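# with the sequence up front, the predicted model follows.
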Amino acid sequence: MEHGVFPGETVAGPDVPDEVIDTYRELSADIASGVGVVSTRLRGRDYAATVSGFLSVSYDPPTLLVSLYAEARIAEAVVDAGSWALSLLPARLRGTANWLASPGSPLEGLLTQVDYGRAPETGAVIIEDSIAWFEVRTTQVTTAATHQLVIGEVVAMGRRANADDEADPLVHFASAYARLAR
C-alpha cells in the first residue's frame with residue numbers, strides 16, 4: 001500500500017492571506033463542540049455570552065478552560081471578576097444560545113428574557129434547565145491570537161433538576177447550532 005501526501009494549503013508566517021483565513025474558518029466550523037453560556041458578576045452587574053470554546057482540563061483538581069474573544073465585554077468582565085460560571089445548554093435552549101450570542105446585545109436587560117438562578121459561591125448566573133453547570137475561580141489567563149484562554153479551578157458544580165431525563169445537548173457544528181441525532 002502506497003501512502004501519499006494530502007493536498008492542502010500550507011499556513012506559515014505572521015501574515016496569513018485572507019483566503020487562507022477563510023478556508024480555515026470553513027474547515028474549523030466542522031469541529032463539533034458543546035454549547036454553553038459563560039457568565040460572571042462584576043461590580044453588581046451580570047455579564048453572559050454563548051460559548052462553544054471550552055474544555056475540561058483536569059479532573060484533579062477539577063479545572064476548566066474557556067476561550068473568549070479578547071475584544072468582547074464578557075472577556076474583560078471574566079478576567080476582571082476573577083470568577084465565572086459555565087452552564088451547558090440542552091438543545092431546547094437554542095433560543096437562549098442565539099440571544100446571548102448576538103453581537104451588540106444590550107448590557108442592560110441582557111437577561112430579562114432568560115430563566116436563571118445564581119451560583120452558590122460567586123453569585124454568577126446559572127442558566128435554568130442547564131444540563132450541568134460549573135462555578136470557577138480563575139487561576140490563569142493566557143492570550144492566544146485574538147482570544148483570552150481563561151483557566152480556573154471548579155469551586156462548585158451541579159446538574160439540572162431533571163437529571164433522570166436523557167440529556168439532549170446543544171452542539172455547534174457547520175457554523176450553526178444543532179442537536180445530536182438520535
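Good, I have the coordinates.

# what bits of this structure have low per-residue confidence?
Where the chain drops to pLDDT under 70, the residues are 13, 161-166, 181-182.

# rerun that using 80 as the cut-off
Within the chain, the stretches with pLDDT under 80 are 1, 4, 6-14, 104-105, 107-108, 160-167, 180-182.

# tell me, what residue is most central in it?
With distances taken as C-alpha atoms, centre = their mean, residue 51 lies nearest the centre of the chain, 2.5 Å away.

# ok, that residue touching residue 35?
Yes - Residue 51 lies in contact with residue 35 (C-beta atoms under 8 Å); the separation is 7.5 Å. Any C-beta I mention is one placed from the backbone N, CA and C, and that applies to glycine too.

# who's in contact with residue 171?
Neighbour list for residue 171: 32, 33, 34, 35, 177, 178, 179, 180 [criterion: C-beta atoms under 8 Å, 6 or more residues apart in numbering].

# what's the burial count for the fourth one?
Counted with other C-beta atoms under 10 Å, residues neighbouring residue 35 total 25.

# now it: how far from residue 112?
Distance, residue 35 to residue 112, by C-beta to C-beta, to the nearest Å: 21 Å.

# report the buried residues of stretch 59-70.
63, 64, 65, 66, 67, 68 (16 or more other C-beta atoms under 10 Å).

# hmm, who's touching that stretch?
Residues outside stretch 59-70 that contact it (C-beta under 8 Å, 6+ apart): 38, 49, 51, 53-57, 74-75, 78, 84, 86, 134, 136, 139, 143-144, 146-154, 157.

# redo that, cut-off 7 Å
Residues outside stretch 59-70 that contact it (C-beta atoms under 7 Å, 6 or more residues apart in numbering) are 38, 51, 53-57, 74-75, 78, 86, 134, 136, 143, 146-154.

# which residues in the protein form helices?
Assigned by DSSP state H, the helices in the chain fall at 18-28, 73-81, 94-101.

# of those, flag the one that's most buried.
helix 73-81 (a mean of 19; mean count of other C-beta atoms under 10 Å).

# and that one, what does it pack against?
Applying 3 or more C-beta pairs under 7 Å, 6 or more residues apart in numbering; DSSP states H and E, one finds that helix 73-81 contacts strand 36-42, strand 45-51, strand 62-69, strand 147-159.

# mind checking the end-to-end distance for stretch 105-122?
24 Å (C-alpha to C-alpha, to the nearest Å).

# ok so, going back, is it true that the residue nearest to the centre of the chain touches residue 39?
No - the pair residue 51 / residue 39 is not scored as a contact, 10.0 Å apart, by C-beta atoms under 7 Å.

# bridging residues for residue 84?
residue 136 (DSSP bridges).

# ok, now which ones touch it?
When contacts are counted by C-beta under 7 Å, 6+ apart, residue 84 touches 38, 39, 40, 78, 124, 136, 150.

# can we see that at 8 Å?
38, 39, 40, 66, 78, 122, 124, 135, 136, 138, 150, 152.
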